[in-house]
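J.: let's see this in three dimensions:
(3 chains)
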Amino acid sequence: MKKSLVALALMGAFGGAYAQSSVVIYGTLDTGIQKTTNTANSATQISKRDNNKLGFRGVEDLGNGLKALFHLEIRYEPDTGVIENTSRPLFQGQSRVGLQGSFGTIRAGRGLTAFQESTIAFEPWSGQPNVAGYMTNLQVAGYTSDPLGPAGNSANRFSNAVWWNSPVWNGFQLNVNVGSKEANGNPVIIGRGTAAAPQYPANSMASANPYSVSATYTQGPISAMIATERNAVETSLWAFAASYKPTTNLKLMGTIVKQDQGHTVAFNNDTDSWVLGLNYTSGPGKFLAGYGQKSPDGQLKTKQISVGYEYSLSARTYLYLDLANKKTPLTATATSDVNQKHYSLGIHHNF
Amino acid sequence: MKKSLVALALMGAFGGAYAQSSVVIYGTLDTGIQKTTNTANSATQISKRDNNKLGFRGVEDLGNGLKALFHLEIRYEPDTGVIENTSRPLFQGQSRVGLQGSFGTIRAGRGLTAFQESTIAFEPWSGQPNVAGYMTNLQVAGYTSDPLGPAGNSANRFSNAVWWNSPVWNGFQLNVNVGSKEANGNPVIIGRGTAAAPQYPANSMASANPYSVSATYTQGPISAMIATERNAVETSLWAFAASYKPTTNLKLMGTIVKQDQGHTVAFNNDTDSWVLGLNYTSGPGKFLAGYGQKSPDGQLKTKQISVGYEYSLSARTYLYLDLANKKTPLTATATSDVNQKHYSLGIHHNF
Amino acid sequence: MKKSLVALALMGAFGGAYAQSSVVIYGTLDTGIQKTTNTANSATQISKRDNNKLGFRGVEDLGNGLKALFHLEIRYEPDTGVIENTSRPLFQGQSRVGLQGSFGTIRAGRGLTAFQESTIAFEPWSGQPNVAGYMTNLQVAGYTSDPLGPAGNSANRFSNAVWWNSPVWNGFQLNVNVGSKEANGNPVIIGRGTAAAPQYPANSMASANPYSVSATYTQGPISAMIATERNAVETSLWAFAASYKPTTNLKLMGTIVKQDQGHTVAFNNDTDSWVLGLNYTSGPGKFLAGYGQKSPDGQLKTKQISVGYEYSLSARTYLYLDLANKKTPLTATATSDVNQKHYSLGIHHNF
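T.: As a prediction, this is how the structure comes out:
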């Protein structure tokens, strides 16, 4: 053996002694032509309908039913090539590692909260964050899971958190998710304070540990969810959802959400929302429809109706067309609302 | 079946139901020792000759001659490990998805314009952006395809665009590329305006849709290109190029380009350029040479002569040596020019 | 053949003519729960013990014993998904390409210095940058290899450098590493100058070429290292290290380091440190322990004692527990020290 210390160090760098893992590269590239009237950017644009991701994941069998697993998921804008929203974390999608076994799955890192992950199954656009879909606004009653993140960050993830997904017991599953109080670079949040003494100064620690819990149940054609979450500024949320498949190609779904911002907002701190939707598949075609309302206390309602059509070219590639009309106030204190009409045509490719 | 809603959601996250795609990782790592006299940084440095990239691509067969394809291409600086130019988009190389079939190839996203992609075949350094090569300056008459990009961005791409490459008809191919008018974070461009009222304020929309068209023809040893492009500030360009291979190991090539900046520049708004080059291969060796001039109206000419040598260690790895002399004014209004001498020695590795 | 110029260009983009390389994806995801008292952030947090990386590497056989090799290594924070320290280079780990043959290995780009890479083998936490380990402070006597890097950059790498690792001769290996003088965006370093005339203004070139040299020797159970390094502001360092394995499951190790900051610091410019450590493996368990001191001239000493335990679930996944106590002044001029207690519990997964 002519190995030296640095030869060993180079070995470490050039390829460890452990068996090669099978890292899987996966992702989505979705882009198309869009137009939304009555917005800051109402010109025809090249944009996206779904999140765009490039992910790396792996599962290692540890024996005795135990597995180690990880996910690293880059998010990006396909029309300009930048990372999502130009400034979000490189692994905005998720960065988690954990163990899976008879106890369920335990993970730590950054990812969708238990509530946000569970509610996707009840959203007619499958949680896609596009204008025609309901995920980012009506499906969650305007709630954000990450109020103390940096400006421009996404609103449905916890950083510095742990997750537990229980095993499935007779169709029932529990998902629990708790975050640390660590500061994460938030801008000033005045809240119930004043500009001189804001309730949450810049780069604040959470005033309480954020948590998110969802319980889901599936039996035959019926599924249901109940979930609750409290974010780092102690805004809380309750959500109830159900879906029903009268036939294999029709899925009906609905959600009710109640958000309470009482910890940071003195008056009119409740927001309710509900969304009804359906998916209908016929051969390579899939029809999507939804209607929903968001009702903030003492403010104008937002009402949205959307229809969409997906035409599958394969199990992982489809073309899509969306049409939506959203009647919404442009600001929280507006006394009149506008109609935002949305058109979208594009291609969605999973890899 | 003991699957629950979140079990399904986890399935989605842990690996979709669709057949595993074969994502290909590809790229280039090129670095070496360089020195260029009479520049802001004339010290001996570790730098690059070619663009450095780490890409992910895939092709999915959709049946009936139809294919879906995508590219995501990271660009980086090998000497410091940062993304290209420290601030360019993560997927500076390209981020595009599309379909290929009997109609040719249709793609959307961000990438090289039709003109910029086609002209590479007529540049003696194969479009590499190094000092000895002609691609970034003389080959395009100093033109930029992306004047409304963020400061420091590259000059040969469209964001927010669609591309069509026709099928090849008897050696003839048409390539058409149109961008949206979307704003993309440009710094102020005074143009024909004033500092107080610039022609293009920061983060402007394009004043007209940018487009790029090239037509190419190949028959036996002869190839030719005609191309035109108009960018987001309505600077336009015409380019003519041809190459001839009298023997299989010799390629002669030439380009003529005319740029018109009349929309933003009041006087002397034309720039012409021409480049002649040759490539000669002999066993593992390849000899490169070029000469070119850029002639802006009412300003001093830039003249460049370059020679290079590549020694292949394999089909994807070679060593290189470049020598160049560029006689150029240091600013557009300079009344004298300097000689910039360039030396480069390095390794180019494709993976 | 119906290929056209752009068809060829697309070929180039869609997959080169060269044989497909086997790029290997590798990395580490390590995260856990930590608490360190008497620090700016002493709350319980989700953090990391090891560096987290996602790397791409390849080796190409060029024949005749010659190989080309490259590494591109992303670094990131698993708890928030951002790149390491939020602002480091994308490929903070390394970005290097080179050749390997009978002459050893020659590489260029960015990576760990020869000294920093060699000393890892003598650090009881294997060079991991966690609070219980010694790598980033006591193992190097507080030295930084990259004083002219951007603020927040890591302290153990050269950018713009070349590396040579010799072959192994009877257990002996030489590693030489030289950097260019290129400026790399440093903040102002006053040094022996004044605020008005700092010794190193922002974005300075190095005042001398940085270099790093290590020689290592391994014979049976004994290993040893001698190394010296000089950084871009001419701080220099000498290091001596040795390890001994009396049995296969016990490794004893020690390091002595002397740092001289005389070029930038007028008085008390020497810092000495020493670290002793041991690793003991027993079945799936590994016990780690260390004790060390850092003694800056005319300042209070830092003293650290640490113990750790790793429990392997497989060859590439383990759980860990660390406990440490560090007695240290909080600033260089402090006249009293504090005890920082550290607790850490987490999972380390290689892929």
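J.: tell me where chain A has helices.
T.: Using DSSP state H, the helices of chain A run over A:5-14, A:114-119.
J.: which residues touch the nearest residue to A:G277 once chain neighbours are set aside?
T.: Nearest residue to A:G277, sequence neighbours excluded (CB to CB, 6 or more residues apart in numbering or on different chains): A:P124, at 2.8 Å. Glycine gets a C-beta too; all of them are placed from N, C-alpha and C. Residues near A:P124 by CB atoms under 8 Å, 6 or more residues apart in numbering or on different chains: A:G133, A:Y134, A:M253, A:V275, A:G277, A:L278, A:N279, A:L288, A:A289, A:G290, A:S306, A:G308.
J.: what do you get for A:A215?
T.: Contacts of A:A215 by CB under 8 Å, 6+ apart are A:F172, A:Q173, A:L174, A:N175, A:M225, A:I226, A:A227.
J.: out of these, which are inside strands?
T.: Among the contacts of A:A215, DSSP state E puts A:F172, A:Q173, A:L174, A:N175, A:M225, A:I226, A:A227 in strands.
J.: surely the last one touches A:A121?
T.: This means A:A227. No. Contact between A:A227 and A:A121 fails when scored by CB atoms under 8 Å: they sit 11.5 Å apart.
J.: picking up where we left off before, and of the contacts of A:P124, the nearest to C:P147?
T.: Distance to C:P147 across these (CB to CB) is lowest for A:G133, with 50.2 Å.
J.: my guess is that closest one contacts A:W125, does it?
T.: Yes. At 3.2 Å, A:G133 counts as touching A:W125 under the criterion of CB under 8 Å.
J.: joint contacts of those two?
T.: A:G290, A:S306.
J.: which residues does the residue of the stretch 201-350 of chain A found nearest chain C contact?
T.: Minimum separation of the stretch 201-350 of chain A from chain C (CB to the nearest CB) falls at A:M205, amounting to 6.5 Å. Counting by CB under 8 Å, 6+ apart, A:M205 touches A:K181, A:E182, A:A183, C:A43.
J.: phi, psi of the first one?
T.: Same thing as A:K181. The phi/psi pair for A:K181 (degrees, to the nearest 10) reads phi -90, psi 0.
J.: quick check: closest non-adjacent residue to it.
T.: Going by CB to CB, 6+ apart, A:K181 has A:A206 as its nearest residue, at 4.2 Å.
J.: what is the burial count for the one you found?
T.: 23 (other CB atoms under 10 Å in any protein chain shown).
J.: most centrally placed residue in chain A?
T.: A:N156 (4.9 Å; CA atoms, centre = their mean).
J.: can you pull the pLDDT of the residue lying closest to that one once chain neighbours are set aside?
T.: Nearest non-adjacent residue to A:N156, counting by CB to CB, 6+ apart: A:Q116, 4.0 Å away. Note for A:Q116: predicted pLDDT of 98.
J.: how many neighbouring residues does A:Q116 have?
T.: Neighbours of A:Q116 using other CB under 10 Å come to 26.
J.: so who does it touch?
T.: Going by CB under 8 Å, 6+ apart, the list of residues near A:Q116 reads A:V140, A:S145, A:N156, A:R157, A:S212, A:E229.
J.: and the residue nearest to the first one when sequence neighbours are not counted, how far is that from A:K326?
T.: Of all residues not flanking A:V140 in the chain, A:V257 sits nearest, at 6.1 Å (CB to CB, 6+ apart). Relative to A:K326, A:V257 is positioned 17 Å away (CB to CB, to the nearest Å).
J.: what do you get for A:L300?
T.: Taken as CB to CB, the span from A:L300 to A:K326 is 12 Å.
J.: so which of these two has more stuff around it?
T.: Using other CB under 10 Å, the more surrounded residue of A:L300 and A:K326 is A:K326, with 24 against 19.
J.: who touches that one in this structure?
T.: Contacts of A:K326 (CB under 8 Å, 6+ apart): A:V131, A:T302, A:K303, A:Q304, A:N339, A:Q340, A:H342.
J.: let's see it at 6 Å
T.: A:Q304, A:Q340 (CB atoms under 6 Å, 6 or more residues apart in numbering or on different chains).
J.: partner residues bridging it?
T.: A:Q304, A:Q340 (DSSP bridges).
J.: about what we covered before: as a markdown table, the contacts of A:Q116 with pLDDT and distance to B:V59 would be great.
T.: As requested, those are exported to a markdown table (pLDDT from 0 to 100; distance: CB to CB, whole Å):
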| residue | pLDDT | distance to B:V59 |
| --- | --- | --- |
| A:V140 | 98 | 37 |
| A:S145 | 98 | 37 |
| A:N156 | 96 | 33 |
| A:R157 | 97 | 32 |
| A:S212 | 98 | 39 |
| A:E229 | 98 | 41 |
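J.: and which of those is nearest C:A242?
T.: For those, the nearest to C:A242 is A:R157 (47.4 Å; CB to CB).
J.: how many residues are close by that closest one?
T.: A:R157 has 25 nearby residues by other CB under 10 Å.
J.: any idea how far A:E73 is from it?
T.: 11 Å.
J.: kindly report the same for A:V233.
T.: Distance of A:V233 to A:E73, computed by CB to CB: 26 Å.
J.: hmm, back to that, near chain B too, which of the ones in strands among the contacts of A:A215?
T.: A:Q173, A:N175 (CB under 6 Å from any CB of the partner chain).
J.: quick check on the ones in strands among the contacts of A:A215: which are buried?
T.: Neighbour counting with 16 or more other CB atoms under 10 Å in any protein chain shown marks A:F172, A:Q173, A:L174, A:N175, A:M225, A:I226, A:A227 as buried within those.
J.: these: which two are farthest apart?
T.: It's A:F172 and A:A227 that sit farthest apart of those, by CB to CB, at 13.7 Å.
J.: since that was my last question, I'll sign off now.
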